[in-house]
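# have a look at this fold, sequence not included:
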Ligand SMILES: Cc1cc2nc3c(=O)[nH]c(=O)nc-3n(C[C@H](O)[C@H](O)[C@H](O)COP(=O)(O)OP(=O)(O)OC[C@H]3O[C@@H](n4cnc5c(N)ncnc54)[C@H](O)[C@@H]3O)c2cc1C
């Protein structure tokens, strides 16, 4: 007879929160005792898309979760191991009836891991419940009813975390379990220049955004410097699940009723909905991780240049705005939308490099790396969907327009800080004499432009426009539109 105590497990993945967490809510609803688990899985920790800044954000999120669980005399069991090995070990301590997690729209390795885990659960008579996260629906053939599904999801109230007394495994239970596992060190460097992980921090960003920062949202959204404070900066908290999109959406909706800046809130809420839109696209087109969604573009062959790639990654291309963006991203983990699009455009159009060569550097650097946005956006900005406008950003035009005093450039490319503003935008316009005046030598203090802007823009534009007339590209574009066009009913803001 099996005398082991019965439990359900909640396996946290990219949903590091207690509130509005469907997996936790549904597990608690059963009335069974619950163990909340997070595992640092070696297969993900070794995956080139991830970097320490992500793992540290997760560690900070888990510490915050444990603080929130203290009043319930519980905590998350945090281990470092393959998930099957963890559950296998737990099976020798407990009778596990079910595992609850969210449906992960992840990369190939998480998809493969989930398939193996599903088989493991079946073999061990464990029911694995995968729960909806942020309104993304699995198994859709097209988007015919997606807007309604999504509206219905966002209109329901966020789910409250209300465990019954002693429903969560106690601190003592979990500390006893910890003896069986390899435990990660959760300490992180508090001086690291990144946004700190955890719901408490996420709520602070949200509060300050809704208190005052959002009023200039639309004025500053494209400006590399000012967007850093006028945009919400909640993306890492959404990507790692410290905040749910639904709860943020509800707050914005309520604020809108009394706000003087309704347009700003509407623009913000639309972007919240784009989050689910992009993730849904990736959910339905998982091959986008490696290949362009439009198969017609697979015939586009670009020669990989290590020199170009290194210069781009390190911010030494000789184009000040591109270099400032890349250095700022490497240092802080954040760039606003337009600058993300601009650096990808420069890489794929002017440097004529395959978007696939940009994926891991960017995913490692973006603190908010969300596969469901990352891969579709990369392909969109590279002009390889066939369904979106082809945009080739001019870095000079953009720096003059969005960083007119070159403040952002001078901050992140300090070798240009002493130049007059026009030269900080275009140092290569300086004559020999002018360089002497500024005690500055192009090619020594700062690189010559790595490519010629106009010629490379033209070559990229001509090639891509020509390809867009290709039969296979057109057929594929039609297929994409049939599968992903939303019906006429729009999102409710
Ligand atoms: C090449 C490229 C890669 C990107 N990779 C990511 C990524 O890995 N993770 C990520 O969260 N965003 C990504 N974005 C989208 C966007 O740039 C960021 O969401 C935004 O800059 C985050 O800043 P914020 O939180 O201040 O945004 P806000 O403007 O305050 O928007 C609020 C939230 O809405 C969502 N959102 C905003 N813009 C978009 C968008 N264009 N598409 C989808 N959702 C959006 C995000 O969840 C964001 O946190 C990418 C954009 C590009 C061009």
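Yep, that arrived. On a predicted model such as this, the values are computed, not experimentally measured, just so you know. Numbering: from 1, shown residues only.
# after the helix or strand of the chain with the lowest mean pLDDT, next one along is what?
Every helix and strand in the chain was compared by mean pLDDT, DSSP states H and E; the lowest is helix 146-155, with a mean of 88. Sequence-wise, the next helix or strand downstream of helix 146-155 (DSSP states H and E) is helix 171-178.
# ok, and what's touching that following helix?
35, 73, 74, 75, 77, 79, 90, 93, 169 (CB atoms under 8 Å, 6 or more residues apart in numbering). For the C-beta atoms, the positions are set from N, CA and C on the backbone; glycine is no exception.
# the least confident helix or strand of the chain packs against which elements?
helix 245-258, helix 262-284 (3 or more CB pairs under 8 Å, 6 or more residues apart in numbering; DSSP states H and E).
# next, count neighbours for the residue nearest to residue 210 when sequence neighbours are not counted.
Spatial nearest neighbour of residue 210, excluding adjacent residues (CB to CB, 6 or more residues apart in numbering): residue 255 at 5.6 Å. Per other CB atoms under 10 Å, the neighbour tally for residue 255 reads 16.
# mind checking how far residue 255 is from residue 235?
Distance of residue 255 to residue 235, given as CB to CB, to the nearest Å: 19 Å.
# so the residue nearest to residue 210 is in contact with residue 262, correct?
No. Taking CB atoms under 8 Å as the definition, residue 255 is not a contact partner of residue 262, at 9.4 Å.
# buried residues, stretch 284-303. List them.
Within stretch 284-303, the residues scored as buried using 16 or more other CB atoms under 10 Å are 284-286, 288-289, 292-297, 300, 302.
# quick one: average pLDDT of that stretch?
Averaging pLDDT along stretch 284-303 gives 94.
# please begin residue numbering at 53 from this point
Okay, residue one is now 53; in that scheme the one you just asked about reads as stretch 336-355.
# is any part of that stretch close to the ligand?
No. Legend: contact between stretch 336-355 and the ligand by CB under 6 Å from any ligand atom is lacking; minimum distance shown is 12.7 Å.
# now that stretch, how far from the centre of its chain.
Mean C-alpha position of stretch 336-355 versus that of the full chain (CA atoms, centre = their mean, to the nearest Å) differs by 20 Å.
# show me what it is in contact with.
Residues from elsewhere that reach stretch 336-355 (CB under 8 Å, 6+ apart): 159-160, 163, 192, 333-334, 404-408, 423, 427-428, 431, 434, 436-439, 515, 519, 522-529, 532, 535-536.
# can you list the buried residues in stretch 223-230?
Using 16+ other CB under 10 Å as the test for burial, stretch 223-230 gives 225, 226, 229.
# can I get those in CSV including pLDDT and distance to the ligand?
Output for those, formatted as CSV (pLDDT from 0 to 100; distance: CB to the nearest ligand atom, whole Å):
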residue, pLDDT, distance to the ligand
225, 97, 36
226, 98, 32
229, 97, 34
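# present the residues you listed as TSV; the columns should include distance to residue 259.
Formatted as TSV, the buried residues of stretch 223-230 follow (distance: CB to CB, whole Å):
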residue	distance to residue 259
225	35
226	31
229	36
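# nearest to residue 170 among the residues you listed?
Closest approach between the buried residues of stretch 223-230 and residue 170, by CB to CB: residue 229, at 23.8 Å.
# does the residue lying closest to residue 366 once chain neighbours are set aside sit in a helix or strand, and which one?
In this structure, residue 366 finds its nearest non-sequential neighbour in residue 378, 7.0 Å apart by CB to CB, 6+ apart. Residue 378 belongs to helix 372-384 when assigned by DSSP H and E.
# just to revisit the earlier point, could you pick out the buried ones from the contacts of stretch 336-355?
Among the contacts of stretch 336-355, those classed as buried by 16+ other CB under 10 Å are 159, 192, 333-334, 404-408, 423, 427-428, 431, 434, 436-439, 519, 522, 525, 528-529, 532, 535-536.
# out of the residues you listed, list just those in helices.
Of these, the ones assigned to helices by DSSP state H are 333-334, 408, 423, 427-428, 431, 519, 525, 528-529, 532, 535-536.
# these two touch, right, residue 258 and residue 284?
Yes. At 6.8 Å, residue 258 and residue 284 qualify as touching, with contact defined as CB under 8 Å.
# what's the distance between stretch 248-261 and the middle of its chain?
Stretch 248-261 sits 16 Å away from the centroid of its parent chain (CA atoms, centre = their mean).
# that stretch: which residues count as buried?
Judged by neighbour count using 16+ other CB under 10 Å, the buried positions of stretch 248-261 are 248, 249, 250, 251, 252, 253, 254, 255, 257, 258, 261.
# right, is that stretch up against the ligand?
No. If you take CB under 6 Å from any ligand atom as the test, stretch 248-261 misses the ligand, and the best it gets is 7.2 Å.
# quick check: mean pLDDT of that stretch?
Mean pLDDT, stretch 248-261: 98.
# repeat that for stretch 305-314.
96.
# return the residues of the stretch 403-545 of the chain in contact with the ligand.
Counting by CB under 6 Å from any ligand atom, the stretch 403-545 of the chain sits next to the ligand at 418, 420, 421, 422, 425, 426, 429, 430, 433.
# out of those, which end up buried?
For these, a burial check counting by 16+ other CB under 10 Å picks out 418, 420, 421, 422, 425, 426, 429, 430, 433.
# as TSV, those with distance to residue 320 would be great.
Conversion of these to TSV gives the following (distance: CB to CB, whole Å):
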residue	distance to residue 320
418	20
420	16
421	21
422	17
425	16
426	21
429	18
430	23
433	22
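# and the closest residue to residue 233 other than its chain neighbours, how far from the ligand?
Leaving aside its sequence neighbours, residue 233 sits nearest to residue 131 (CB to CB, 6+ apart; 4.0 Å). Distance, residue 131 to the ligand, using CB to the nearest ligand atom, to the nearest Å: 27 Å.
# kindly report the same for residue 524.
25 Å.
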